[in-house]
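Q: quick one, structure for this:
(2 chains)
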Amino acid sequence: MNAIAIKHNDEIIDLQTAKELGFEGEQIHLDNSADSLEVLRHSTAHLMAQAIKSLYPDAKFYVGPTVKEGFYYDFKTESEIGEGDLKKIEKQMLSFAKKKYEIEKYTISMDEAKEKFKDDHLKLAVMERITDDRVSIYKQGEFEDLCRGPHLPSIGLIRYFKLTKISGAYLGGDSKNEMLTRIYGIAFADKESLKDHMTMLAEAEKRDHRKIGNEMNLFTFREEVGAGFPIWLPAGGRLRARLESLLYKAHRKRGYEPVRGPEMLRSDLWKISGHYENYGENMYFTKIDDVEFGVKPMNCVGHIKIYEDELRSYRDLPIKYFEYGVVHRHEFTGALHGLFRVREFTQDDAHIFCTTEQIEEQIIEVVDFVDKIMSTFEFDYKMMVSTKPEKAVGSDEVWEVSTQALKNAMDKNNLPYEIDEGGGAFYGPKIDIKITDAIGREWQCGTIQLDFNLPERFELEYNGENNDKIQPVMIHRAILGSFERFIGILTEHYAGEFPMFIAPTQVAIVPIADTHNAYAKELSDKLIDINADSEIYNKNDSLNKRIRTAEKTRVPMLVIVGDEEVEGKTVAIRDRRTREQYNLSEEEFLKLIQTKVNEVNF
RNA sequence: GCUGACAUAGCUCAGUUGGCUAGAGCAGUUGAUUUGUAAUCAACAGGCCCGGGGUUCAAAUCCUCGUGUCAGCACCA
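A: The predicted structure follows:
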């Protein structure tokens, strides 16, 4: 098998360049290794551009890189291209690939390149980002493109690819710029891998929380209610209630007090906090008797008012308030996405008021809390320290001190983190917890924010040891982030097969005939006593049908009761996953459920 | 918000170039059946074809403005 590129000084060098510069190195062959796919997909992007250019001669091209999920190319044409056109483009790509054009490379000076592409504003925009004196051009058949490579020696090597998505994308990723058309695609070295990839995508789709949420009656959205306002159905309500109650205990153990602030507060307060100025466009406002109110987008102001309700001493600190706070935010319509992104959601929010000296231990305690919960759900997550954003309140010194405090807490405890420059909240830097979901997407859930600014703006204080007035520090934190997003992620993570301790229904009871209904009801009542929900499947259907229906609800445990069970006070258990069947006495069964329902504590 | 696609029964979807009373499966209701581990049989019911407005002899179908959904961009818990 011939090489498609070489590895030189740890860099992928295509054969064209290797020949030009006389480089040698380890050969890269056409397979599904990361290096090979990098080259293959990059060239597939060019092949796509070639096909687009032939179908839409006015097309101009911006950049066409490889990304985690394949490759894309951004381009501009006067024609309207939709999803239906992808097939046509694929077909054209295949016909070019069959011609097995060699991919040739030549270099020209930057000035020559600017002259060559003088009518192509997109290429000129690309060149603005290049500092080199010379640029390379890759050519296949009639088509050529400014590109730094690396590329395959010939497009004839490209066979197994698929165009997956089409959409718009802003030039340079900036919403102030014009919008280009972007087509995403994927390519592999062999047919099987492409097929596997497509299967994997289809499997991922089956886990979509919007689909499962509908099937399991967890939640719904309705056009007449409004975009981004979720409606929680009974099954979803039960799941949520379980999470809430677990979390309530976890907070109490850690010294948090439950509180509740109002849903709307006067705009004057949002002006003091800085939300009016910095977050106003995401807020909803209304008037009551000529006084303007803002619906809360965050819970901090309410908690500040609770702090202010009494004089505080250093002996009281840290004070920790928590609330399942319902917040409203005006999100762009295009951003809304199932439960992942909504306009009304409930945060598992808390605010810790503490002394400067207590910051580190408090941060560590919260990070530990986060870890406890994430590991219970077997989530991978990472932490990002986010620094001062463009829109912010407070002096640079305060930002510097607080950002450093966050980093110190992490460093001292050897906790790994990445930096997100400019990603902080407007009132302070934060540590974001990002969960990786079932199909590899990252979601920001938990967040820990350090805030010197709001205490100053609201002139919060406590009495110090010498009876002097000292300003406390606020730590804003949420662990799940919001129940909505977190339950969405959980749903996809478990593909709807929730573990017993949060499942909407713990047990499905299937009586064999009507004569067994009484025993089923008796079991159901006893289950309620041990905090387990059950459902009795005694509809006028065949036994098989009712078992099938119960299985399809994804309930963790199925019990069948007939004459034998009624007589012997037992249950026949059917494990949904393994399809194993076994019998337990009623007593053993209740004990088993009780154990499983209570096995988790954060 | 931007680019593109889409919206028909509770759910999943048919519905031809505009043309008769808009269909199916599942779910639901009723009846028969009383079942021992993944679909018993039958009947019935269910629709402002997303909402305004327009074109036309005629609109689920074409145009237009909204609303909502999907993919991505940008923004974010």
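
Q: how far away is the residue nearest to A:Gly226 when sequence neighbours are not counted from RNA strand B?
A: In space, and not counting its chain neighbours, A:Gly226 is closest to A:Arg343: 7.7 Å by CB to CB, 6 or more residues apart in numbering. From N, CA and C alone the C-beta is placed, and that goes for glycine too. A:Arg343 sits 6 Å away from RNA strand B, going by CB to the nearest atom of the strand, to the nearest Å.

Q: which residues touch A:Trp270?
A: Taking CB atoms under 8 Å, 6 or more residues apart in numbering, we find A:Trp270 in contact with A:Tyr276, A:Gly280, A:Met283, A:Gly294, A:Val301.

Q: doesn't it belong to a strand?
A: No - using DSSP: H, G, I helix; E, B strand; the rest coil, the assignment for A:Trp270 is helix, not a strand.

Q: and it, what pLDDT?
A: In this model, A:Trp270 is scored at 97, pLDDT.

Q: distance-wise, check it relative to RNA strand B.
A: Note on A:Trp270: its distance to RNA strand B, by CB to the nearest atom of the strand, is 17 Å.

Q: need phi/psi at the residue of chain A found nearest RNA strand B.
A: Minimum separation of chain A from RNA strand B (CB to the nearest atom of the strand) falls at A:Gly334, amounting to 1.9 Å. With angles defined as degrees, to the nearest 10, A:Gly334 sits at phi -70, psi -10.

Q: what segments of the stretch 251-400 of chain A are strands?
A: In the stretch 251-400 of chain A, the strands defined using DSSP state E, counting those that start in this stretch lie at A:256-258, A:264-266, A:285-288, A:291-295, A:319-328, A:344-354, A:380-386.

Q: quick one: the fourth one near RNA strand B?
A: The one in question is strand A:291-295. No - shown here: strand A:291-295 not in contact with RNA strand B (CB under 7 Å from any atom of the strand), separated by at least 13.7 Å.

Q: now the residue lying closest to A:Tyr314 once chain neighbours are set aside. Its backbone dihedrals?
A: Nearest residue to A:Tyr314 in three dimensions, chain neighbours excluded: A:Gly464, at 5.3 Å (CB to CB, 6+ apart). Dihedral pair for A:Gly464: phi -80, psi -180, per degrees, to the nearest 10.

Q: what does the stretch 501-602 of chain A put close to RNA strand B?
A: Counting by CB under 7 Å from any atom of the strand, the residues of the stretch 501-602 of chain A near RNA strand B are A:512-515, A:539-545, A:547-549, A:551-552, A:558, A:560, A:562-565, A:572, A:574, A:576, A:579, A:581.

Q: counting only helices, which of those make the cut?
A: A:Leu543, A:Asn544, A:Lys545, A:Ile547, A:Arg548, A:Thr549, A:Glu551, A:Lys552, A:Asp563, A:Glu564, A:Glu565 (DSSP state H).

Q: any of the residues you listed buried? List them.
A: Buried members of those, scored by 16 or more other CB atoms under 10 Å, are A:Ile547, A:Glu565.

Q: just the ones in helices among the residues of the stretch 501-602 of chain A next to RNA strand B now: which is nearest A:Gly84?
A: Using CB to CB, A:Lys552 comes nearest to A:Gly84 of those, at 34.5 Å.

Q: quick one: the closest one and A:Lys287, what's the gap?
A: 50 Å (CB to CB, to the nearest Å).

Q: which residue is nearest the centroid of chain A?
A: A:Trp443 (2.2 Å; CA atoms, centre = their mean).

Q: surely that residue and A:Gly338 touch.
A: No - applying CB atoms under 8 Å, one finds A:Trp443 not in contact with A:Gly338, separated by 11.7 Å.

Q: if you rank the contacts of A:Trp270 by neighbours, which is first?
A: A:Gly294 (24 neighbours; other CB atoms under 10 Å).

Q: report the separation between that one and A:Ser273.
A: Using CB to CB, A:Gly294 is found at 10 Å from A:Ser273.

Q: show me what counts as buried in the longest helix seen in chain A.
A: The helix spanning the most residues in chain A, taking DSSP H as the definition, is helix A:34-55. Neighbour-count burial for helix A:34-55, counted by 16+ other CB under 10 Å, picks out A:35-55.

Q: and the pLDDT at A:Val597?
A: Reported pLDDT at A:Val597 in the predicted model: 94.

Q: that one reaches A:Asn531, doesn't it?
A: Yes - counting by CB under 8 Å, A:Val597 does reach A:Asn531; the two are 5.7 Å apart.

Q: get me the contact residues on the stretch 301-450 of chain A for RNA strand B.
A: A:329, A:331-338, A:340-343, A:345, A:347, A:389, A:425, A:432, A:443-445, A:447.

Q: quick one, the helix or strand hosting A:Lys91 and helix A:34-55 angle?
A: Assessed by DSSP states H and E, A:Lys91 sits inside helix A:85-98. Inter-element angle recorded for helix A:85-98 and helix A:34-55: 110 degrees (by axes from the mean of the first three to the mean of the last three CA atoms, to 10 degrees).
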